[in-house]
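Q: Coordinates only, no sequence provided:
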């Protein structure tokens, strides 16, 4: 049941002779469900969209079916990247091929480089990370604050938390 109330808050009369209430349902073109590391669990629809798990482009050339994470390619069947993490020397206690410390539920890694990204507050562009990249907190701050704090890899995590806006 739909109830509609119209209140005229002016002294002028209003004519509702041409009022139309329409209920239009949208057509679902594609449904995809994934396991935590990106392997497709269920799919239904047209398969027209190349941007799949995590908004990353599915590379289907040569039937390899990997996701393009900018810094490296991720294989959803293995739950691993094919290339070494460009920041692997910074986190030597972890496997250089891992994704989000093997915990994609707790951490995120939008570019394949680090799990604690900092984004521009206005544009949403990726700016970099702080010096403790494995905290898993997504932060937003202005690009001028990011550069003022030292830029990529030089920002202390405590400073990033003070100046950044945490997404929860």
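A: Thanks, I have it. Nothing here was measured: the structure is a model prediction, and the numbers come from that model.
Q: what sits against the nearest residue to residue 50 once chain neighbours are set aside?
A: Closest residue to residue 50 apart from its sequence neighbours, by Cβ to Cβ, 6 or more residues apart in numbering: residue 57 at 5.2 Å. Placement of C-beta: from N, CA and C, glycine included. Residue 57 sits next to 50-51, 67-68 when contact means Cβ atoms under 8 Å, 6 or more residues apart in numbering.
Q: if you set the cut-off to 6 Å instead, what comes out?
A: Residue 57 sits next to 50-51, 68 when contact means Cβ atoms under 6 Å, 6 or more residues apart in numbering.
Q: from those, which ones fall inside strands?
A: residue 68 (DSSP state E).
Q: The contacts of residue 57 into TSV, with extra columns for distance to residue 130, neighbour count and pLDDT?
A: Listed next are these as TSV, based on distance: Cβ to Cβ, whole Å; neighbours: other Cβ atoms under 10 Å; pLDDT from 0 to 100:
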residue	distance to residue 130	neighbour count	pLDDT
50	32	11	84
51	28	11	85
68	25	15	87
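Q: Need the contacts of residue 57 in JSON lines (columns: distance to residue 92).
A: Converted to JSON lines, the contacts of residue 57 look like this (distance: Cβ to Cβ, whole Å):
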{"residue": "50", "distance to residue 92": "35"}
{"residue": "51", "distance to residue 92": "33"}
{"residue": "68", "distance to residue 92": "26"}
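Q: just to revisit the earlier point, residues in a beta bridge with the residue nearest to residue 50, which ones?
A: When bridges are called by DSSP bridges, residue 57 pairs up with residue 51, residue 68.
Q: Surely residue 33 is in contact with residue 39?
A: No. Residue 33 is not in contact with residue 39 according to Cβ atoms under 6 Å; the separation is 10.3 Å.
Q: who's more crowded, the two?
A: residue 39 (14 against 9; other Cβ atoms under 10 Å).
Q: which ones are touching that one?
A: 76-77.
Q: how close does it sit to residue 76?
A: 4 Å (Cβ to Cβ, to the nearest Å).
Q: Likewise for residue 53?
A: 7 Å.
Q: Quick check: neighbours shared by the two?
A: Common neighbours of residue 53 and residue 76 (Cβ under 6 Å, 6+ apart) are residue 38.
Q: per-residue confidence for residue 161?
A: For residue 161, the pLDDT comes out at 80.
Q: And the one 3 residues further on, by the same measure?
A: Reported pLDDT at residue 164 in the predicted model: 78.
Q: One more: residue 33?
A: pLDDT, read off for residue 33, is 90.
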